[in-house]
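**Student:** Model the structure of this input:
(2 chains)
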Amino acid sequence: MLNRTIAPAFRQVNDINFIKPTANNLANGIPVYTINAGETELVRIEFIFENVNWDVRQPLQAVAANGLINSGTKTLTAMQIAEKVDYYGAFLQTEYGADHTNITLYTLTKHLPSVLPILWSVLNESVFPQHELDIYKQNQKQKLQVSLQKNDYLARKTFAHAIFGDTAYGSDINAADYDQLQQQDLLAYYKAAFQPANCTIIIAGKFVAQDFEVLNKVFGGAWENNAAVTKNDFQFVAEAGKDLYIEKPEALQSAIRMGNLSINRTHTDFPALQILNCVFGGYFGSRLMANIREDKGYTYGIGSGIASLKHAGYFFLATEVGADVCTSALTEIEKEINILRSDLIAEEELDLVRNYMLGSLLGSLENAFSHADKFKNIHFAGLDYDYYDNYIHTVKNITAERLKVIANQYLDWNAMTRVVVGKK
Amino acid sequence: MVNFNRFTLANGLKVLVHEDPTTPMAVLNILYDVGARDEEEGRTGFAHLFEHLMFGGSINIPSYDEPLQRVGGENNAFTSNDITNYYITLPAANIETAFWLESDRMLSLAFSEKSLETQRNVVCEEFKQRYLNQPYGDVWLKLRPLAYEKHPYRWATIGQDLAQIENAKMEDVKAFFKKHYNPQNAILVVGGNIKTEEVKELAEKWFGPIPAGDKYLRDLPKEVEQTEARSLTVNADVPLNAIYTAFKMPARLGENYQVFDLLSDILSQGQSSRLYNSLLKEQQLFSEINAYITSSLDEGLFIVEGKLVEGVSMEQAESAIWTELQKIATSLVSEEELTKVKNKSESIMVFSEMNLLDKAMNLAFYELLGDADLLNVEINKYLSITAEQIQQVAQETFKKEKSSTLYYLANA
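**Tutor:** This next block holds a predicted model:
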């Protein structure tokens, strides 16, 4: 008779294999990192540009240049670009991040020779038509109006601005920032940012030597853009924690977002802090979820994380809780922080978190795209694959004592900026 | 092409295996043939609340999540109007843990009062977070009962209101479990770095002893054919006026389902689509405009929705939508435009095979449709569609008397 009360035997994850990219350069020097893997005849090519020339008076310059980059070139209209890309079943995505702008092409490998020239035109001869800019401004302002009615959006924006001020990481965007966007400023940014010296190409999927030749033929020559560039450089000073409250009398729920400046991936304590974060609010079984969702039922979800940026790292916690229990939820959050600072994590819990994190890492390496993503994490932080060896070693061997020290160093209610939007 | 093997246990549980030796992981996906459409009026939101309770401990295992996390696994679930789907991802070496956990909660839940009380609260907070405390969050709570008069698609998965969730009783939970959660109403898919023989053994060992239960036979009321335009006007504290128009369309297995899907792509997929270029770019009447289908197992909806540019009147915006719908109903799409949306569909299909969990979920869903093999031939249905078919369904569908329109207006 089967005894269902006894768990089957299991093993901790042991072998975690990373596929490392091959490094190459186009004829004009652009570094190309390729993970050629997978059964399917498709490929993802990312053109990654560092964000540059930060100008506090024009906080949307880079965002809008990225958003409108495929809205018309010297040879193609916005409609023609979209039609051609769609015709080949390809996807062209533009994504603006805190440190980088990604122009990403997903395509069946066989269509590369047809699709890459469209992308060349986008990266070399975009003209940012006034008409397209006007539509962009109008529609983005409308979207912003909707976002501003969302408590979680307001909390995120208020928090970022409190921590990072008027930098690219924290800029407090409002409708007037859209109004002042000018065609000439977008062009100026485009000429500076979208040039070979500022570009890294990351390729994942089916991509062999002859595909590289196609890529090199299209992108390996001189590019049109070559304006002078000032690299972004931000420095931040931690301030004392504070409470920021935006009252919404009609709110059914309050959005809570809190955290502080912290370390980023380049710091030796980063893996240890990730483990601590996992225990605290980093997975479904975390202490925050166990207490505030699964025991009290105050929320649909609560979580925490550490974000690693080029010029900073920050710790954050976010949730939306019933307006009537907001104060109680805050009390419980503070309590959980203090328990991590005063008590050792039990071995049973720590073992579970170790296994969970290793399984999660293994599961995050499922295809060529995810291997490329793992490479990007370290490459743009100036690290190499030793980082992952060390991460795995730390997960397997860290002690409860060490995590308590980490908690006392990095997890402090009084150091946090605590934003509440809704009712308390 | 997603390969698979298939067998059925004596108790009726269907099992599919997708062997993928390129990954060190495995997934176990179990689909229960029950959704919000199987609820009773006045007790809505129950299928979804029940999904939450499935994580509150089973008859022999007090915690579901903890033992899974301990072996390096993760899990989640979702409920729709049609199905409830649970999935586990974990290192393939530990696959037996997934069988152990998943079979015990099919055998019986713990039915803990504490879990019911907590999850009632959690689901109420989810209701607020997604539907009530968001601008435009309640659109589907209003649009469904406008578009459907008889079929249970007239309520959303989350339920009609908070009170029905707050009133859920333990006896309801037990009855729901007995009715829907048994081997005959489930499809199990195991994928990843596993062998079919191994899955057979594990399935027999853990799921084989579970009693078959009674097969639930669905008999849902059908909609009467709509013959009059319907509309509803809502005023709310939102910044922009919005419009949502719904038309009935065939069920997932209906003859023309794929034609409607391509029709929505022509109108609205990406920046080369018709509505985007005509209504947002050229006429600048909308700041967002979309057309899509609900992909429902019973008669579904074809939706056109948009947010109006400030200063544009609702009459002007609505009439511009209808002009585009008339255009596609009265003239043939070009060969090039049709090839474009077909190529895109084909490409999306290929990209979806990059992800193990997606493959497992798709196999389960197509098996529910009648045969998992349908997954691998679905694209042929899209590729064979003609311009004439597109025009014909547009003609039959885009009529005022068949439309249900929600005007969502910003308070002055």
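
**Student:** Within range of chain B, give me the residues from the stretch 151-300 of chain A.
**Tutor:** A:151, A:250-253, A:283-285, A:293-300 (C-beta under 8 Å from any C-beta of the partner chain). C-betas here are computed from N, CA, C, even on glycine.

**Student:** which one of these has the most neighbours?
**Tutor:** Most neighbours among these, by other C-beta atoms under 10 Å in any protein chain shown: A:Gln253, with 28 neighbours.

**Student:** My read is that that one contacts A:Val321, right?
**Tutor:** Yes: with contact defined as C-beta atoms under 8 Å, A:Gln253 counts as touching A:Val321 (6.2 Å).

**Student:** coming back round to it: tell me the one of the residues of the stretch 151-300 of chain A next to chain B nearest A:Gly313?
**Tutor:** Taking C-beta to C-beta as the measure, A:Gly313 lies nearest A:Tyr283 of these, at 19.8 Å.

**Student:** and the closest one, what is it in contact with?
**Tutor:** Shown in contact with A:Tyr283 (C-beta atoms under 8 Å, 6 or more residues apart in numbering or on different chains): A:Met289, A:Val353, A:Tyr356, A:Ser360, B:Gln69, B:Glu74.

**Student:** Now it, what are its backbone angles?
**Tutor:** phi -160, psi 170 (degrees, to the nearest 10).

**Student:** Which pLDDT value belongs to it?
**Tutor:** As predicted, A:Tyr283 sits at a pLDDT of 97.

**Student:** do you know how far it is from A:Lys84?
**Tutor:** 43 Å (C-beta to C-beta, to the nearest Å).

**Student:** Write out the residues of the stretch 151-300 of chain B neighbouring chain A.
**Tutor:** When proximity is defined as C-beta under 8 Å from any C-beta, the stretch 151-300 of chain B approaches chain A at B:205-206, B:209, B:237-240, B:269-272, B:277, B:280-281, B:284, B:287-288.

**Student:** can you tell me which of those are in strands?
**Tutor:** Residues from these lying in strands, with DSSP state E as the criterion: B:Ser287, B:Glu288.

**Student:** Residue of the stretch 201-350 of chain B nearest chain A, please.
**Tutor:** Nearest residue of the stretch 201-350 of chain B to chain A (C-beta to the nearest C-beta) works out as B:Ser347 at 3.1 Å.

**Student:** Pull the CA coordinates from whichever strand or helix holds that residue and hand them back as PDB.
**Tutor:** Under the criterion of DSSP states H and E, B:Ser347 resides in helix B:335-351. Taking C-alpha atoms only, helix B:335-351 is exported to PDB below (Å, rounded to 0.1, in the frame of the first residue of the first chain):
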ATOM      1  CA  GLU B 335      -2.800  38.800 -51.200                       C
ATOM      2  CA  GLU B 336       0.100  40.600 -49.600                       C
ATOM      3  CA  GLU B 337      -1.800  41.700 -46.500                       C
ATOM      4  CA  LEU B 338      -3.100  38.100 -46.100                       C
ATOM      5  CA  THR B 339       0.300  36.600 -46.500                       C
ATOM      6  CA  LYS B 340       1.700  39.000 -44.000                       C
ATOM      7  CA  VAL B 341      -0.700  37.900 -41.200                       C
ATOM      8  CA  LYS B 342      -0.300  34.200 -42.100                       C
ATOM      9  CA  ASN B 343       3.500  34.500 -41.900                       C
ATOM     10  CA  LYS B 344       3.200  36.200 -38.600                       C
ATOM     11  CA  SER B 345       1.000  33.400 -37.300                       C
ATOM     12  CA  GLU B 346       3.400  30.800 -38.500                       C
ATOM     13  CA  SER B 347       6.300  32.600 -36.800                       C
ATOM     14  CA  ILE B 348       4.500  33.000 -33.500                       C
ATOM     15  CA  MET B 349       3.800  29.200 -33.600                       C
ATOM     16  CA  VAL B 350       7.500  28.500 -34.100                       C
ATOM     17  CA  PHE B 351       8.600  30.900 -31.300                       C
END
